[in-house]
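> Structure for the following, please:
(chains A and B)
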Protein chains: 2
Amino acid sequence: MTLTQAKEYLLTLEKAVVALNHAMSILSLDGETAAPSQSWRGRGETMAYLAEREYHLLADERVREAIACVLQHRSECDEVMVRRAEEFGERIEESLLTPPEELAENERLLNEASAVWHEAKVNDDYASFAPYLDRLMEMRRRFARRKDAGKPPYDVLLDRYEKGLTAARLDPFFDLLRSGLTPVIQAVAERPAPRTDFLHRHYPIELQRRFSDRVMALMGLPRDRCAIAETEHPFTDSNSKWDVRISTHYYESDVASSLYSVVHEGGHALYELGTGDELQFTILGGGSSMSIHESQSRFYENLIGRSAPFCRVLFPILREIFPGQTADVTAEEFYRAVNMAQPSLIRTEADELTYPLHILVRYELEKQMMAGDVTAADLPALWKELYGRYLGVTVPDDRQGVLQDSHWAGGAFGYFPSYALGSAYGVQMLEAMQRDIPVWDEVAAGNLAPVTAWLGERIHRYGMLKKPSELLVSAGVDPFDPQKYVDYLRRKFTELYNL
Amino acid sequence: MTLTQAKEYLLTLEKAVVALNHAMSILSLDGETAAPSQSWRGRGETMAYLAEREYHLLADERVREAIACVLQHRSECDEVMVRRAEEFGERIEESLLTPPEELAENERLLNEASAVWHEAKVNDDYASFAPYLDRLMEMRRRFARRKDAGKPPYDVLLDRYEKGLTAARLDPFFDLLRSGLTPVIQAVAERPAPRTDFLHRHYPIELQRRFSDRVMALMGLPRDRCAIAETEHPFTDSNSKWDVRISTHYYESDVASSLYSVVHEGGHALYELGTGDELQFTILGGGSSMSIHESQSRFYENLIGRSAPFCRVLFPILREIFPGQTADVTAEEFYRAVNMAQPSLIRTEADELTYPLHILVRYELEKQMMAGDVTAADLPALWKELYGRYLGVTVPDDRQGVLQDSHWAGGAFGYFPSYALGSAYGVQMLEAMQRDIPVWDEVAAGNLAPVTAWLGERIHRYGMLKKPSELLVSAGVDPFDPQKYVDYLRRKFTELYNL
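Got it, this is the predicted structure:
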């Protein structure tokens, strides 16, 4: 195989793989948003067929040959071509671990598990979901053993979301968060709580939709390339910079819930919208790692979205759309309300300060789950125990406990730490950004464009071209230091609560 | 190949074909409803890949062998298996006419043409769409020549939507409609028009969405199997009886537009929802023919939906949701308003009486287009001429003229006659139904279940199992007699307008 043939082969293969992934992404997106609930009955077989098809494409002997050829001639290829070949190498290594019939069976399981989880959550019926969760855990443990039987399965899974991540690296990180934040949380608990009554007045969904439109406009999300949908558990999906989707969930008695979902998912969307043109329709879209992706969403949600300058920009829009609900409220009260820190039950609704402890609960459980130390039957009790231990709250039911997130139902074990890591990365990105541009002046003027441009230049445009560590270095971000994340939170909440 | 092997082979093939069609259907549905407008850039390649894949599956020599084997042993197979084999035979005959690279190119063209048409319609810019329309026409003519060079291309295309349909059969049908209806239309024009002012008051979209929910409930459309979306040009799509989608377009100053879109598409949806269990996830879903499908949508839209008893059931719901807009209106006025007959510009908004002439315009144009007698450049003027000749209206722009429908942009030449034929079938179905059940008593009581059950038993459950003519005979419908359609319209409008 000549280099020209190898390149051509990989490009043709990539077109097919991208097409299959595109179809699977839209089927899944549609299933989570627009499709009627019973439609799951047909989706599993289709996903299974498409997954098997991808397997067969990647299993072709010529793929390895083409990859080897490009990597042998790497000096004659551009950077993008080399990264493509490397990424294909990793994909085939992973994909071929599982026999195609089993891959198809996994897709059927994932499809059914997701439908069962939705029902189980609505009905607070963990028992119906438990057998699926056991099967999902075994599916991922089996994958991990096949990939590297010498490593703890959880480390193998963590590595999929952030190259090189291990429990050995995460343990001290979470220890630091816990020991650093717990005293702050305790101190906050002794101070009077800000008023939050007005966040829970009646906010009609029709008007919340308009509010989302305004927030998306403020964030600079172009609607001809980025749509918003409604779903049980908000997420972002992307097929190219011309086709990004965010989603949210509206609650009539909680205006902040959807607001910060939109801002969070909007952060993910800006990443995808800013990915370089040369990476479109390649396998190099989708961000450097899930932690880097979450660094962008958490950056917008919290560092920007829950900052005082942004709240002062946001509040007049809120008041314009909901004059009655906000008539007796000031911008300052709004800022304090969306930053009220209090141990609570639901991760996605949690304040910035207690949030990392929600992740810690999941992290500790996942370690045990992937080690095979616990089964699905043990989880509700363990969940309650850890929420009691770390957050001091009593979990009244599984709907507000172990059933709350969609991740495990989607087979994503090892994803949760990305939220905490990403939050920590974000704080260090903000530090670097502040050296370059007057961040808070721009935000106070309602002008997020320079912020997004800074991230676009240094993070977004590279897609998967750079690994997280390279990317952070080249962006001018200081070496990873999670103490800065703790310091930021301590500072912010000390000021908010006059500690 | 043994019969067992042949059956197994066809079932495996069917799973793959159904999966590919499912993926294409959802990609297209998403594109027409939820996707951001720029997303078309990625969709063409994915559709092309999936279409090529289907080609390769059908091109396998073993498919023909398996079909032949099943048909040789037809006495040993059940009816569904035999119909499957026949249907696969027809599919491969059609699919293999076009080389796979050209099939893929066609998908790219269709994808791009649809995006360009959307823009062109919004901007009243026919010139931008015209080159695509020429290519689409040539694409279908080429297909028709390949399929049967001995027949006029238009007949080949008509046959795809209704087996055996030809222009020779349609010419006298449309002549009858024109000569029968024109005097009625002229007589109506001399009578005072009913008031319709209240239909064009301000109807907020948020409330129209609630109205749609109520109308869907009234029609018995189960929301866990049938969802509603919003789009430029309403349509229905289905993947199984568990996954049916209707769509509508809301206009704030026209409450009847979306109402009758929902009822029309709801009629299509009931067909799909009622298809037999044994046909799910086979290639035998999707209805007997497009005329039979349109018979169901037009049945609900007009025969039921615009009947006096149904309007009397509908009106209190309308009033409940829009009390201000309907305060000075009676149910009788509502009935007369939604039946106001007047030559107009837009087919989908046309009244029942003038509607067939809108179809006639398209039929005459399609005949010329497929004969190669006209190019895209000629169409706007011809459109205006025919609307002047048949409907006596002046077409002010292309947006309200040749650009109004999505069918040609989707490559569907020969589909339009289905609407008129379906309407005629519907009148004869109603006649048969009235012999069996007290239709109007049930409708007056707001109980559509017996109507849907009658159609379900005799039409819906058979999917593609029966050809239209067989289906109509077995349903107890009298031999086709379009005079009955004319008589029905004459009777209805004579009464409405005191002719």
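> For the nearest residue to residue A:471 once chain neighbours are set aside, the count of nearby residues, please.
Residue nearest to residue A:471 in three dimensions, not counting chain neighbours: residue A:288, with 5.1 Å by C-beta to C-beta, 6 or more residues apart in numbering or on different chains. Every C-beta, even on glycine, is put in place using the N, C-alpha and C of the backbone. Residue A:288 has 24 neighbours, counted by other C-beta atoms under 10 Å in any protein chain shown.
> swap in the one 10 residues further on?
For residue A:298, the neighbour count with other C-beta under 10 Å is 29.
> so is whatever residue of the stretch 251-400 of chain A ends up closest to chain B in a helix, a strand, or just coil?
The nearest approach of the stretch 251-400 of chain A to chain B comes at residue A:281, 6.3 Å away (C-beta to the nearest C-beta). Using DSSP: H, G, I helix; E, B strand; the rest coil, the structure places residue A:281 in coil.
> Just give the number of residues close to it.
19.
> Enumerate every residue touching it.
A:14, A:15, A:18, A:240, B:42, B:45 (C-beta atoms under 8 Å, 6 or more residues apart in numbering or on different chains).
> one more time with 10 Å, if that's ok
A:14-15, A:18-19, A:22, A:239-242, B:41-42, B:45-46 (C-beta atoms under 10 Å, 6 or more residues apart in numbering or on different chains).
> How about residue A:289?
Residues near residue A:289 by C-beta under 10 Å, 6+ apart: A:159-165, A:295, A:418, A:421-422, A:425, A:464, A:467-469, A:471.
> Let me have the contacts of residue A:281 in a markdown table, extended by pLDDT and distance to residue A:398.
Converted to a markdown table, the contacts of residue A:281 look like this (pLDDT from 0 to 100; distance: C-beta to C-beta, whole Å):
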| residue | pLDDT | distance to residue A:398 |
| --- | --- | --- |
| A:14 | 97 | 43 |
| A:15 | 96 | 44 |
| A:18 | 98 | 39 |
| A:19 | 98 | 39 |
| A:22 | 98 | 35 |
| A:239 | 97 | 34 |
| A:240 | 98 | 38 |
| A:241 | 98 | 39 |
| A:242 | 98 | 40 |
| B:41 | 96 | 43 |
| B:42 | 96 | 39 |
| B:45 | 97 | 43 |
| B:46 | 98 | 39 |
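> What subset of those residues is buried?
Neighbour-count burial (16 or more other C-beta atoms under 10 Å in any protein chain shown) applied to the contacts of residue A:281 gives A:14-15, A:18-19, A:22, A:239-242, B:41-42, B:45-46.
> out of these, which are inside strands?
Per DSSP state E, strands hold the following members of the buried ones among the contacts of residue A:281: A:239, A:240.
> want to try CSV for the buried ones among the contacts of residue A:281, with distance to residue B:310 as columns?
Below are the buried ones among the contacts of residue A:281 laid out as CSV (distance: C-beta to C-beta, whole Å):
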residue, distance to residue B:310
A:14, 54
A:15, 51
A:18, 49
A:19, 46
A:22, 43
A:239, 43
A:240, 46
A:241, 48
A:242, 44
B:41, 44
B:42, 43
B:45, 46
B:46, 42
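> for the buried ones among the contacts of residue A:281, which one is nearest residue B:53?
residue A:19 (8.8 Å; C-beta to C-beta).
> which ones are touching the most centrally placed residue in chain A?
Nearest residue to the geometric centre of chain A (C-alpha atoms, centre = their mean): residue A:294, 5.0 Å. Going by C-beta under 10 Å, 6+ apart, residue A:294 touches A:161-162, A:264, A:267-268, A:271, A:287, A:301, A:415-423, A:425-426.
> Remind me which helix or strand it belongs to.
helix A:290-298 (DSSP states H and E).
> okay, that helix in CSV with CA atoms only?
Extracted in CSV, the C-alpha atoms of helix A:290-298 (Å, rounded to 0.1, in the frame of the first residue of the first chain):
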residue,chain,number,x,y,z
MET,A,290,-14.4,14.8,28.5
SER,A,291,-12.7,16.8,31.3
ILE,A,292,-11.7,19.5,28.8
HIS,A,293,-15.3,19.4,27.5
GLU,A,294,-16.7,19.8,31.0
SER,A,295,-14.2,22.5,31.7
GLN,A,296,-16.0,24.6,29.0
SER,A,297,-19.5,23.8,30.2
ARG,A,298,-18.7,24.4,33.9
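> and it, average pLDDT?
For helix A:290-298, mean pLDDT is 98.
> Close to chain B: what parts of the stretch 201-350 of chain A are there?
By the rule C-beta under 10 Å from any C-beta of the partner chain, the part of the stretch 201-350 of chain A lying against chain B is A:204-207, A:209-210, A:221-229, A:239-245, A:280-281.
> Filter these down to the buried ones, ChimeraX style.
To isolate the buried members of these in ChimeraX, using 16+ other C-beta under 10 Å:
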select /A:207,209,221,225,226,227,228,229,239,240,241,242,243,244,245,280,281
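> For the stretch 351-499 of chain A, give me the ranges with low pLDDT.
Judged by pLDDT under 70, the stretch 351-499 of chain A has no weakly predicted residues.
> Quick check, the residue in it closest to chain B?
For the stretch 351-499 of chain A, C-beta to the nearest C-beta, closest residue to chain B: residue A:463, 15.1 Å.
> How many neighbouring residues does that residue have?
When neighbours are counted by other C-beta under 10 Å, residue A:463 comes out with 25.
> Tell me who's in contact with residue A:472.
So residue A:472 contacts A:288, A:292, A:295, A:425, A:428-429, A:432, A:458-459, A:466, A:478-480 (C-beta under 10 Å, 6+ apart).
> swap in residue A:361?
A:347, A:382, A:383, A:385, A:386, A:387, A:389, A:390, A:391, A:401, A:402, A:416.
> looking at this, it is in a strand?
No - secondary structure of residue A:361 (three-state DSSP): helix, not part of a strand.
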